[in-house]
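Student: Next come a sequence and a model predicted from it.
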Amino acid sequence: MAKETKRVLMTGAAGQIGSELAEALRKKYGRDNVLVTDLVRPPAALAEAGPFELADVTDRAALDGLIARFGADTIYHLAALLSATGEKNPQKAWAVNMNGLHNVLEIGRARGLVRIFSPSSIAVFGPATPREMTPQDTVLSPTTIYGVTKVAGELLCDYYVRKYGLDVRGCRYPGIISHQTRPGGGTTDYAVAIFYDAVKNGRYTCFLREDTRLPMMYMPDCLKCTLDLMDADFARLKHHSSFNVTAMSFSAGELAAEIRKHIPAFEVRYEPDFRQAIADSWPASIDDSAARAEWGWKPDYDLAAMTKDMLAALRNRQAAGTLGG
Ligand code: NAD
Ligand code: SER
């Protein structure tokens, strides 16, 4: 019988995904059974809606102390530096992404934790990887420090599964689109910023070229994907920390055209910066058949459904005066 998660500690809970995953986990396990942590304090709505502690994932003793005191049996490890931020400070990206993950895995091993979630990314792929319908098992030779840490992270997680029998799981998220917490410094961030600027100003300057096509996923699917993978039967999993997952692929121009169906006067200018080279090194579309076969992954949102929902949510926030400047 697989051991069940009863008490969760989450790192990186103030971030784009962590902030919404924290809410989903509190709903699933009970608010007092989920300790959310981050280097920075999230907005009061999150920090005060259940247990919260400041924690630096590079400080193993502090993290271990929190886990011991809270009695956490499962970790959702979301703290990381993303692709664009990582290129600005590769040394810090390595320290946070690798030392943070190693600390989490070592604590998991030493304490015999039930399960660990550690997300990977489409950034594990590089220019030598097939760009269309990128296979599950293929060339992993990224050109960003973020991608290097994600490949090493996947290998490290799988090592802990094999060597210590630790139950570690993760998927290669594509670009995640959401309307609650702004993204934290990735190359796919344009696909969120474009919605905010469309609603606020009716125009957007995009840091990627119009024809740049990348795999993406809407936040409700990201949450479903994460929770379903963590609930999957371990015995059915052939992969562990590296599942390809996707929901849609579109170019910046195709996204702008979809938004124009709702805001006909919406204007976009394209001024590619250093993030173009990162995007050019990543897949345009992903083959996620292993995730579908091994744990039943299936997304609900396509480009049209996501765009409609994003615009409605941001217009509601605008009407409520919470959209920001
Ligand atoms: P984010 O940048 O929005 O949030 C990361 C959080 O980590 C931030 O709140 C930050 O304060 C925190 N953090 C940074 N350094 C820390 C440290 N030393 N100790 C503790 N916390 C620290 O990132 P996100 O988009 O929520 O991503 C979460 C995970 O998902 C990451 O592993 C990321 O690589 C992965 N991922 C995200 C996307 C995406 O599109 N958002 C895509 C692929 C993979
Ligand atoms: N959205 C992430 C980034 O752009 C992909 O991992 O960095």
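Tutor: Noted; the coordinates are in hand. Ligands and ions are numbered 1, 2, ... in the order given.
Student: which sections of the stretch 101-250 of the chain are below the confidence cut-off?
Tutor: By pLDDT under 70, the stretch 101-250 of the chain contains no weakly predicted segment.
Student: which bits of it sit near ligand 1?
Tutor: Pro119, Ser121, Tyr173, Gly175, Ile176, Pro183, Gly184, Gly185, Gly186, Thr188 (CB under 6 Å from any ligand atom). Every residue, glycine included, has its C-beta placed from N, CA and C.
Student: ok, of those residues, which one's closest to ligand 1?
Tutor: Gly184 (2.1 Å; CB to the nearest ligand atom).
Student: does that closest one sit in a helix, a strand or a coil?
Tutor: Judged by DSSP: H, G, I helix; E, B strand; the rest coil, the three-state class of Gly184 is coil.
Student: Correct me if wrong: it contacts Gln16.
Tutor: Yes - when contacts are counted by CB atoms under 8 Å, Gly184 is listed as touching Gln16 (5.8 Å).
Student: of those two, who's got more company?
Tutor: Using other CB atoms under 10 Å as the criterion, Gly184 and Gln16 rank with Gln16 on top: 24 against 17.
Student: just to revisit the earlier point, which of the residues of the stretch 101-250 of the chain next to ligand 1 are close to ligand 2?
Tutor: Among these, the residues lying close to ligand 2 (CB under 6 Å from any ligand atom) are Ser121, Gly175, Gly186, Thr188.
Student: Save the residues you listed as JSON lines, and put in neighbour count and secondary structure too.
Tutor: Formatted as JSON lines, those follow (neighbours: other CB atoms under 10 Å; DSSP: H, G, I helix; E, B strand; the rest coil):
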{"residue": "Ser121", "neighbour count": "28", "secondary structure": "strand"}
{"residue": "Gly175", "neighbour count": "23", "secondary structure": "strand"}
{"residue": "Gly186", "neighbour count": "23", "secondary structure": "coil"}
{"residue": "Thr188", "neighbour count": "28", "secondary structure": "coil"}
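Student: Where does the chain get nearest to ligand 2, which residue?
Tutor: For the chain, CB to the nearest ligand atom, closest residue to ligand 2: Gly186, 2.5 Å.
Student: Now for that residue: which residues touch it?
Tutor: If a contact means CB atoms under 8 Å, 6 or more residues apart in numbering, then Gly186 has Leu82, Ser83, Ala84, Thr85, Gly175 as its contacts.
Student: was I right about the second one contacting Pro142?
Tutor: No - judged on CB under 8 Å, Ser83 makes no contact with Pro142 at a distance of 9.3 Å.
Student: And for Arg317, nearest residue in space, chain neighbours not counted?
Tutor: Leaving aside its sequence neighbours, Arg317 sits nearest to Leu323 (CB to CB, 6 or more residues apart in numbering; 4.5 Å).
Student: what's the distance between that neighbour and Ala252?
Tutor: 22 Å (CB to CB, to the nearest Å).
Student: now do Ala290
Tutor: Noted for Ala290: a distance of 28 Å to Ala252, by CB to CB.
Student: neighbour count winner among the two?
Tutor: Comparing Ala290 with Ala252 by other CB under 10 Å, the one with more neighbours is Ala252, at 24 against 19.
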